[in-house]
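In: sequence and predicted structure below; questions after.
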Amino acid sequence: MPKITFIEDGGAEHAVEATVGESVMHAAMDNLVPGISAECGGYANCATCHVYVDQAWADRLPAPEEVEEVMIEAAFDVRPTSRLSCQIQVTEATDGLIVNLPASQTGA
Amino acid sequence: MTTNSTMDIPAHVPQDRVVDFDYLRPTGIDEDLHLAWKRAQDSLPDIFWTPRNGGHWVATRAQDIKAIQLDHQRFSHKRLLIQGPEGHEGSVLTMDPPRHGLYRMLISPAFSPKAIAALEPIVRQTAVTLIEELRPRGECEFVGDFAKVLPVEVFLGLVDLPLEDREFLLPFAEKIARPRNPQDYGEGQAGLTQYISQVLTARAQQPGGDLLSKIVTAKIDGEPIAFEAAVALSRTVLAGGLDTVASILGFVARFLALNPGHRRQLIDDPSLVGNAVEELIRRHGIANTARVLTQDTEFKGVRLRAGEQILIPNNLYGLDERQVDDPLVVDFTRAHPDRHSAAFGNGPHRCPGSFLAKSEITVFLQEWLARIPDFDIKPGTTPRMASGHVNATHELHLAWDTDSR
Ligand code: HEM
Ligand code: FES
């Protein structure tokens, strides 16, 4: 099972085992990782699953589609590595993925 | 009970699934609308057919409501209201994926938590002004004086329109929030259409950075958006936040008028307000929308036919004891009430306005209780509620001591 490490803004790390085919958002929800509320349930409609993908991973993931891009722009504290975790699919190739959680979400 | 329309029971509907149920008048709605709906959930089959209102199915349990909300292949949004017409291009509520997404993408960003945080000062200022006007009077008719006014002003702020326009919009908001007869709702929508068309024409010529400018200058599949579709989408955004917010504020104000202990709890510990908003929404869900079957199919052992409609009263999701313990109890410390609620829907159509709605309810609780901590249903009056495609509070007279501060 591919591993994902979520890092809170304060530094706390959560290493989880994800399932191929689910989204990074679902992996976080299933493992009670704080800071992802995913209000819309994974349809790129709410921006409450916003994460920063680790720089080393940014180019290795498939690029965001338009629905994700327009919604990222509406998130808090957007950076070049911003993604919506509900739009990132877990695959064998994402084993070891590291994502950082925005302060606006973990601080809430 | 009078029958406003009946029809023969279709042959594929088993006898034990036929119930004489009028969703516009569930028994006991005059005392307490949500308890009346809850009784229907407790006493009727999970899925049943009623010959009323043209004949349609009803699903009453959380699990089935959610499954239907997520299954647009079989359960289409194209006819969203019982006996309603088919929707048209641009009116997102009545479109199915994938085309639905092309329009939805235009509006979701305008309602993100960040966008709503920026709008909150307008919500707060509007609410405070309204409450300050009402406070010295010692009484008000809450729906007309507050609940339907707030969302209109907030919409005007959201899309950069002059506040004076509220005088034009309020009579139409009234017809939509409290339809007295079936024509009212249509007339209200027609009024909004006329207003929105004028604004969009102006914004098309001189676009700004606001949502309506973005809609009218948008591209759909690479082509400029059709003007009618831009109007339909903009009207859905305006109308979507009117009757919904007005009615839920009405249910919340009624609940607080009847429950001084809950009021006191929020005044003593304001940090509970966020969770209280989620809990009040769970307990007082409002939307009764329907889906139309795209094909003959079987669902939970029941045969459904293409073209039939099934009502999914989503207030019943949060009231289902199979989903949530002690569903009728309002507990501001309940863990994650939002996980036991479908008040905002599920799936691609999930309400984009949920953050805005919650901001309006939060601000109402904070600013009202700070100024009018104690209030009652006005003696000699009875709140009036109505079931419809949106459950509504039609009349709620409140009274308070003017020196209660
Ligand atoms: C407490 C208040 C509200 C409730 C309970 C509510 C409920 C809902 C529900 C249940 C749906 C989906 C319909 C369905 O699946 O049957 C929906 C859609 C929608 N709502 Fe809300 N709503 C509220 C407030 C708002 C506000 C404030 C706005 C905007 C100003 C808004 C705009 C919309 C729009 C545009 C849609 C259509 C979305 C789509 O079809 O993709 N709503 N709402
Ligand atoms: S869960 Fe809503 S945008 Fe990802």
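Out: Yep, it's here. Ligands and ions are numbered 1, 2, ... in the order given.

In: CA atoms for contacts and neighbours, from now on please.
Out: Noted.

In: what are the phi and psi values for residue 103?
Out: Answering for chain A, as no chain was given. Per-residue torsions, A:A103: phi -60, psi -40 (degrees, to the nearest 10).

In: nearest residue to it other than its sequence neighbours?
Out: Residue nearest to A:A103 in three dimensions, not counting chain neighbours: A:D9, with 5.2 Å by CA to CA, 6 or more residues apart in numbering or on different chains.

In: check contacts around that neighbour.
Out: A:N100, A:L101, A:P102, A:A103, A:T106 (CA atoms under 8 Å, 6 or more residues apart in numbering or on different chains).

In: what of B:R291?
Out: B:F75, B:S76, B:H77, B:K78, B:R79, B:L80, B:L81, B:Q309, B:I310, B:L311, B:I312.

In: ok so it is a helix residue?
Out: No - counting by DSSP: H, G, I helix; E, B strand; the rest coil, B:R291 falls outside a helix, being strand.

In: that one pairs with what?
Out: With DSSP bridges as the criterion, B:R291 is bridged to B:I310.

In: burial count for whichever residue of the stretch 151-300 of chain B sits closest to ligand 1?
Out: Taking CA to the nearest ligand atom, ligand 1 has its nearest neighbour within the stretch 151-300 of chain B at B:G241, 3.4 Å off. Close neighbours of B:G241, defined as other CA atoms under 10 Å in any protein chain shown, add up to 21.

In: hang on, the residue nearest to A:A103 is in a strand, isn't it?
Out: No - counting by three-state DSSP, A:D9 is not found in a strand; it is coil.

In: next one: phi and psi at it?
Out: phi -60, psi -30.

In: could you report the pLDDT at it?
Out: pLDDT recorded at A:D9 is 91.

In: again with A:P62
Out: For A:P62, the model assigns a pLDDT of 95.

In: then the one 10 residues further on?
Out: A:I72 is assigned a pLDDT of 97 by the prediction.

In: show me the contacts for it.
Out: A:A47, A:H50, A:V78, A:S82, A:R83, A:L84.

In: quick revisit: which non-adjacent residue is nearest the residue of the stretch 151-300 of chain B closest to ligand 1?
Out: The shortest distance from B:G241 to any non-neighbouring residue, by CA to CA, 6+ apart, is to B:P151 (6.5 Å).

In: and that neighbour, what does it touch?
Out: Neighbour list for B:P151: B:G241, B:L242, B:V245, B:A246, B:E360 [criterion: CA under 8 Å, 6+ apart].

In: what's the spacing between the last one and B:G274?
Out: When CA to CA, to the nearest Å is the yardstick, B:E360 and B:G274 sit 12 Å from each other.

In: who's more crowded, these two?
Out: Neighbours were counted for B:E360 and for B:G274 using other CA under 10 Å; B:E360 has more, 22 against 15.

In: surely the more buried one touches B:I122?
Out: No - using CA atoms under 8 Å, B:E360 makes no contact with B:I122, being 10.1 Å away.

In: can the helix or strand harbouring B:V199 be said to contact ligand 1?
Out: B:V199 belongs to helix B:182-205 when elements are defined using DSSP states H and E. No - using CA under 6 Å from any ligand atom, helix B:182-205 stays clear of ligand 1, with a minimum separation of 13.7 Å.

In: next structured bit after that helix?
Out: For helix B:182-205, the succeeding helix or strand toward the C-terminus, using DSSP H and E, is helix B:211-216.

In: packing partners of that following helix?
Out: helix B:99-107, helix B:182-205, helix B:227-240 (3 or more CA pairs under 8 Å, 6 or more residues apart in numbering or on different chains; DSSP states H and E).

In: of the contacts of A:D9, which belong to strands?
Out: Judged by DSSP state E, the contacts of A:D9 include A:N100 as members of strands.

In: nearest residue to the middle of chain B?
Out: Centroid check for chain B by CA atoms, centre = their mean gives B:T244 as the closest residue, at 3.0 Å.

In: what's the neighbour count on B:L398?
Out: 20.

In: what packs against whichever strand or helix holds it?
Out: Per DSSP H and E: B:L398 is located in strand B:397-399. Strand B:397-399 sits against strand B:139-141, strand B:376-377, with contacts defined as 3+ CA pairs under 8 Å, 6+ apart.

In: among those, which is nearest B:M95?
Out: strand B:139-141 (36.7 Å; CA to CA).

In: same for that closest one, what does it pack against?
Out: Other helices and strands packing on strand B:139-141, by 3+ CA pairs under 8 Å, 6+ apart, are strand B:397-399.

In: mind listing what the strand it packs on pairs with, with the direction of each?
Out: Each strand that pairs with strand B:397-399, with its direction, by DSSP bridges: strand B:139-141 (antiparallel), strand B:376-377 (antiparallel).

In: can you put these in TSV and add mean neighbour count?
Out: Shown next, in TSV, are the strands paired with strand B:397-399 (neighbours: other CA atoms under 10 Å in any protein chain shown):
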stretch	mean neighbour count
strand B:139-141	18
strand B:376-377	20
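
In: now render these as a markdown table, adding mean pLDDT and distance to ligand 1.
Out: What follows is the strands paired with strand B:397-399, written out as a markdown table (pLDDT from 0 to 100; distance: least, CA to the nearest ligand atom, whole Å):
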| stretch | mean pLDDT | distance to ligand 1 |
| --- | --- | --- |
| strand B:139-141 | 98 | 20 |
| strand B:376-377 | 98 | 22 |
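
In: compile these into TSV and extend it with columns for distance to ligand 2.
Out: Listed next are the strands paired with strand B:397-399 as TSV, based on distance: least, CA to the nearest ligand atom, whole Å:
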stretch	distance to ligand 2
strand B:139-141	37
strand B:376-377	39
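
In: how about those in a markdown table, adding distance to B:V252?
Out: Listed next are these as a markdown table, based on distance: least, CA to CA, whole Å:
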| stretch | distance to B:V252 |
| --- | --- |
| strand B:139-141 | 14 |
| strand B:376-377 | 13 |
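
In: contact partners for B:D20?
Out: Shown in contact with B:D20 (CA under 8 Å, 6+ apart): B:T50, B:P51, B:R52.

In: where's it, which helix or strand?
Out: Counting by DSSP H and E, no helix or strand carries B:D20.

In: distance of it relative to B:T27?
Out: 11 Å.

In: so what's A:G21 up against?
Out: A:Q89, A:V90, A:T91.

In: from those, which single one is nearest B:L256?
Out: Nearest to B:L256, judged by CA to CA, of the contacts of A:G21 is A:Q89 at 44.5 Å.

In: number of residues surrounding the nearest residue to that closest one once chain neighbours are set aside?
Out: Of all residues not flanking A:Q89 in the chain, A:S23 sits nearest, at 4.5 Å (CA to CA, 6+ apart). When neighbours are counted by other CA under 10 Å, A:S23 registers 20.

In: so what's A:S23 up against?
Out: A:S85, A:C86, A:Q87, A:I88, A:Q89, A:V90.

In: list the residues that contact the second one.
Out: By that I understand A:C86. A:C86 neighbours (CA under 8 Å, 6+ apart): A:S23, A:V24, A:M25, A:H26, A:A38, A:G42, A:Y43, A:A44, A:C49.

In: may I have the phi/psi pair for the last one?
Out: Spelled out, that is A:C49. phi -120, psi 20.

In: what sits up against the one helix or strand in chain B whose mean pLDDT sits lowest?
Out: Comparing helices and strands within chain B by mean pLDDT, DSSP states H and E singles out helix B:166-177 as the least confident, with a mean of 88. Residues from elsewhere that reach helix B:166-177 (CA under 8 Å, 6+ apart): B:144, B:148-149, B:152-153, B:156, B:184-185, B:187-189, B:191-192, B:195, B:239, B:242-244, B:246-247, B:392.
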